[in-house]
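Q: Turn this into a model:
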Amino acid sequence: MKTKMLFTTMMVFVFAGFLAGCASLPKDDANAKVMHFENTRAQRYTEIFAIYGDAVTKNLTAGVYNTLGLNGASPTGAGDSTPQALLDKVTPELVKSETGALGGFINGPRVWTLDWIEVNVGKERDFNGLKARWVTWFPIPKDMDLNKKGSTYYKPVQVERHTQFGFNKGKPVFILDAPNGDTFVMKSLSLEQDKTQTYESLTSLGSRLKLPAGWKFRVAVLDKDLVLTPDKGVAWIVQDDLLNTYDRAGDTYSNFRP
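A: Below is the predicted model of the structure:
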């Protein structure tokens with residue numbers, strides 16, 4: 001099973017120009033198993049990307065490693081799985097040397113805005129003290145020109161994913177409504193671009209976003225459990241201009257549209 005736990009394609013391309021040579025995928029997905037994590041709402045985590053493939057042809061794939069359930073957090077999911085003191089020791093160069101990859105990228109810290117996750121988990125790696133487990137292979141699109149900052153904001157992207165994301169009844173969800181009527185529910189907030197963001201600040205996020213024409217932000221309290229699921233392994237994701245990440249809901253992508 002594969003998951004696109006975050007919409008981080010844009011950040012991968014920031015360093016793609018520095019890659020050189022070839023690197024084959026390790027077998028970090030061998031013996032992967034489905035794991036269920038609970039009580040993740042408002043908890044910090046980080047994803048680490050190791051980039052493999054051919055830099056000349058740009059046939060690149062990222063191995064994605066997530067800290068969820070590690071580094072002092074509860075194995076079931078609750079707690080800060082990316083303590084800043086450990087994260088500060090991780091660099092792209094370290095990721096590259098530890099994995100034998102063409103390059104590395106650290107996507108975090110981030111904060112979950114959902115209540116539970118079911119994801120396929122593979123090999124655990126140690127990045128200078130910060131532990132993270134393989135969760136997916138992420139083929140990097142060739143046709144995305146992402147050198148210009150903001151070029152991907154509010155632009156939905158289709159990805160391969162099999163992970164389920166859960167939001168509990170009675171909890172708030174943070175929603176982007178697209179001009180075409182599609183609804184996207186936030187999975188995680190980013191602390192990369194705006195380090196002052198907090199889970200509590202999301203209720204007023206709409207006043208801070210630079211929403212394009214036709215886009216709307218709203219907050220809703222669920223009157224029943226919401227489960228986001230891919231449609232035959234396909235999901236749609238989008239980011240706002242603060243790099244917060246949303247997954248499409250409604251139709252075949254969830255049990256209902258909030």
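Q: which one is S190 nearest to, not counting chain neighbours?
A: L243 (3.7 Å; CB to CB, 6 or more residues apart in numbering). C-beta here means a position set from N, CA and C on the backbone, and glycine is covered the same way.
Q: Double-check the one you found against E192; I have them as touching.
A: Yes: using CB atoms under 8 Å, L243 is in contact with E192, at 5.8 Å.
Q: List the residues that are in contact with both of those two.
A: Overlap of the contact sets of L243 and E192 (by CB atoms under 8 Å, 6 or more residues apart in numbering) is empty.
Q: So which of those two has more stuff around it?
A: Taking neighbours as other CB atoms under 10 Å, L243 and E192 compare with L243 leading, 23 against 16.
Q: Over to that one. Which of the three states is it?
A: For L243, the assignment made with DSSP: H, G, I helix; E, B strand; the rest coil gives coil.
Q: Give the full set of residues in contact with it.
A: S190, E192, Q193.
Q: Make CSV out of those and add secondary structure.
A: Shown next, in CSV, are those (three-state DSSP):
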residue, secondary structure
S190, strand
E192, coil
Q193, coil
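Q: Dump those residues into JSON lines; add pLDDT as well.
A: Formatted as JSON lines, the contacts of L243 follow (pLDDT from 0 to 100):
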{"residue": "S190", "pLDDT": "96"}
{"residue": "E192", "pLDDT": "90"}
{"residue": "Q193", "pLDDT": "89"}
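Q: Tell me the buried residues in whatever helix or strand S97 lives in?
A: Under the criterion of DSSP states H and E, S97 resides in helix 92-99. Of the residues in helix 92-99, P92, L94, V95, K96, E98, T99 count as buried by neighbour count, 16 or more other CB atoms under 10 Å.
Q: Any idea how many residues pack against the closest residue to T82 other than its chain neighbours?
A: Nearest residue to T82 in three dimensions, chain neighbours excluded: T46, at 4.1 Å (CB to CB, 6+ apart). Residues lying near T46 (other CB under 10 Å) number 26.
Q: Over to the one 5 residues further on?
A: As a burial measure, the neighbour count of I51 was computed by other CB under 10 Å and equals 25.
Q: Hmm, W137 and it touching each other?
A: No: taking contacts as CB under 8 Å, I51 lies outside contact range of W137: 11.0 Å.
Q: who touches both of the two?
A: T61, A62, G63.
Q: Kindly supply the PyMOL command isolating those of the residues you listed that are buried.
A: Selection of buried members from these for PyMOL, criterion 16+ other CB under 10 Å:
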select buried, resi 61+62+63
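Q: Can you add pLDDT and secondary structure and give the shared contacts of I51 and W137 back as CSV?
A: CSV is the format used below for these (pLDDT from 0 to 100; DSSP: H, G, I helix; E, B strand; the rest coil):
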residue, pLDDT, secondary structure
T61, 89, strand
A62, 90, strand
G63, 93, strand
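Q: Among the shared contacts of I51 and W137, find me the one that's closest to D182.
A: Ranked by distance to D182 (CB to CB), the shared contacts of I51 and W137 are led by A62 at 25.6 Å.
Q: thought that closest one was touching F138?
A: Yes: in this structure, A62 is within contact of F138 by CB under 8 Å, at 4.1 Å.
Q: Now whatever helix or strand comes next after the helix holding S97: buried residues?
A: Per DSSP H and E, helix 92-99 leads on to strand 103-112 as the next helix or strand towards the C-terminus. Across strand 103-112, burial judged by 16+ other CB under 10 Å covers G103, G104, F105, I106, N107, G108, P109, R110, V111, W112.
Q: Check stretch 122-129 too.
A: Buried-residue list, stretch 122-129, by 16+ other CB under 10 Å: G122, K123, R125, F127.
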